[in-house]
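Colleague: have a look at this prediction, sequence included:
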Amino acid sequence: MNIFVLLKRTFDTEENIVIANDTIDDSNAEFIINPYDEYAVEEAVSLRDEHGGEVTVVTADDEEAEKQLRTALAMGADRAVLIETDDLDEIDSSSIAFLLASYLKDQDYDLIIGGNISVDNGSGQVGPSIAEHLGIPQVTTITKITVEDGKATLVRDVEGDEETIEASLPLLVTAQQGLNEPRYPSLPGIMKAKKKPIETLDLDDLSIDEDDAEAKTEVTDISLPPPKSTGIILEGDAKDVVTQLISNLKEKENIL
């Protein structure tokens, strides 16, 4: 099986987000593989080990993303591809999907796996948009996949319930939490990853016009959630607590 994994470089989820001049200040931030994409890498490596073939991780970003590609290689991926976005002034989900699809359309793939969402933007649009560009089936939020005889049987999360779907390859899927437990890169894997080449491509290599890949959306404002108000501790017997609760809901929260 030829499997391609869609990778994104995101903030470490433990980082404190800093906003300055209506933009996110990432100058001192630590970056990691998007956690949902780690599920995708792990599943791709497991499927390759079961069925044979090759796993390629691909991302559209600047050269700083090489670190995350190396991590994916250390987890067991065979190849890595970096599509540089330095020539673009503004990019959004549609830009990333267009760039990745422009690369993938010329590749021989059986399965494309990405994370369900990214923990920074959380739009969940890149995977489905790529499938639309390529004209292949897609199944999102999967928590299980088995492949046999050119078909995949998938279980997907549906608002806390499950749905089982059968689809023919080639296919694009997005990974939901619960699909697997991503492995930590081993020391031998890390050493091997340092020697593996990363293929770097730019817009000219993909025969892409800058205007086609520019952002189609505009961010008008970025803000942190408002601080949570201090909670209230209600004291007394059950009757007093109920009375206080109803009073607060009416007078302070305007709920009742």
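Modeller: Nice, thanks for sending it over. Numbers count the residues shown, from 1 in each chain.

Colleague: helices of the stretch 151-256 of the chain, residue ranges please.
Modeller: Along the stretch 151-256 of the chain, counting by DSSP state H, counting those that start in this stretch, helices occupy 187-195, 210-213, 238-251.

Colleague: in the stretch 1-150 of the chain, what residue spans correspond to helices?
Modeller: With DSSP H, counting those that start in this stretch as the criterion, the stretch 1-150 of the chain has helices at 35-51, 66-75, 93-104, 126-134.

Colleague: before we move on, back to that, ok, which of the helices of the stretch 151-256 of the chain comes nearest E84?
Modeller: For these, the distance to E84 is smallest for helix 210-213, at 11.5 Å, taking Cβ to Cβ. Where you see a C-beta, it was placed from the backbone N, CA and C, and this is true even at glycine.

Colleague: who touches the closest residue in space to L82 that isn't next to it in sequence in this structure?
Modeller: Excluding the flanking residues, the one nearest L82 by Cβ to Cβ, 6 or more residues apart in numbering is T200, at 4.9 Å. Shown in contact with T200 (Cβ atoms under 8 Å, 6 or more residues apart in numbering): E63, V81, L82, E84.

Colleague: let's go with 10 Å and repeat that
Modeller: Residues near T200 by Cβ atoms under 10 Å, 6 or more residues apart in numbering: E63, E66, A80, V81, L82, I83, E84.

Colleague: for A74, same thing?
Modeller: Contacts for A74 (Cβ under 10 Å, 6+ apart) come out as 183-194, 196.

Colleague: need those residues in a markdown table with distance to E162 and pLDDT, can you?
Modeller: Listed next are the contacts of A74 as a markdown table, based on distance: Cβ to Cβ, whole Å; pLDDT from 0 to 100:
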| residue | distance to E162 | pLDDT |
| --- | --- | --- |
| R183 | 25 | 93 |
| Y184 | 28 | 92 |
| P185 | 31 | 92 |
| S186 | 33 | 90 |
| L187 | 38 | 91 |
| P188 | 37 | 91 |
| G189 | 33 | 91 |
| I190 | 36 | 93 |
| M191 | 40 | 93 |
| K192 | 37 | 91 |
| A193 | 35 | 92 |
| K194 | 40 | 91 |
| K196 | 37 | 90 |
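
Colleague: I'm done for today, thanks for sticking with me.
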